[in-house]
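S.K.: when you get a sec, could you give me coordinates for this:
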Amino acid sequence: MQPEPFTTLTAKTLVVRQENVDTDQIIPARFLTTTSRNGLGKAAFYDWRYTADGSAKNTSPFPVSGAGERQVLVAGRNFGCGSSREHAPWALLDYGFRAVISSDIADIFTSNALKNGLLPVQVPSDVHEWLLANPGAEVTLDLEAGELRLPEGRTVAFHTEAFARHCLLNGVDPLGHLLAHDGEIAAYEAAT
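M.R.: Model prediction:
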């Protein structure tokens with residue numbers, strides 16, 4: 001399943017101020033029994049959303065029904081730390097997030113997110129603090145321009161590695177990109 005193309009997203013934010021959120025908090029290890037991306041949104045932040053008996057926690061910032069109009073997760077520093085786990089961006093995407101913004105996002109999580117259609121955006125500390133202090137703000141992420149636009153009129157540049165940006169804009173993962181060039185690859189191999 002190829003990711004949806006990501007060009008421009010205007011959505012509200014869901015804020016989680018906690019720092020050092022690791023991949024086991026994003027999707028607990030007991031849910032890593034599948035290689036399918038479908039349905040993993042139910043396990044996203046499971047221990048934050050549900051009690052041991054499976055009933056919803058009233059204190060969770062995450063709606064049981066999914067992200068809804070809040071498709072941008074604003075997270076505390078060092079988001080996505082811990083073990084490499086492709087299931088983490090899969091769960092976030094299936095839950096309804098299209099992007100994660102923080103002042104510091106773990107490198108391995110960033111790589112896995114980009115390969116799977118979730119846009120990780122690192123912003124300066126002052127912008128991060130503004131976003132954390134204004135939950136539910138409607139922001140625009142323009143991947144083509146490399147800009148985050150805040151509702152009070154400020155525009156903040158962000159960088160996305162060139163190949164990952166190409167894949168996101170075109171709605172392909174790295175394997176999908178290679179498969180799109182199958183004919184050219186076969187012609188080259190036949191010629192050599």
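S.K.: name the residue closest to the centre of the protein, please.
M.R.: The centre of the chain sits closest to L118, judged by Cα atoms, centre = their mean, with a distance of 3.6 Å.
S.K.: so that one touches Y95, yeah?
M.R.: No - with contact defined as Cβ atoms under 8 Å, L118 does not reach Y95; the gap is 10.5 Å. Quick note: C-beta positions are derived from backbone N, CA and C, even for glycine.
S.K.: wait, S103 sits on A75?
M.R.: No - S103 is beyond contact range of A75, at 9.4 Å (criterion: Cβ under 8 Å).
S.K.: more neighbours: which of these two?
M.R.: Of the pair S103 and A75, A75 is the one with more neighbours under other Cβ atoms under 10 Å, namely 25 against 20.
S.K.: so how far is T140 from the more buried one?
M.R.: According to Cβ to Cβ, to the nearest Å, A75 and T140 sit 19 Å apart.
S.K.: just E4 next, same as before
M.R.: If you go by Cβ to Cβ, the gap between E4 and T140 works out to 17 Å.
S.K.: these two - which one has more neighbours?
M.R.: Legend: neighbour count by other Cβ under 10 Å for E4 and T140, higher for T140 (16 against 11).
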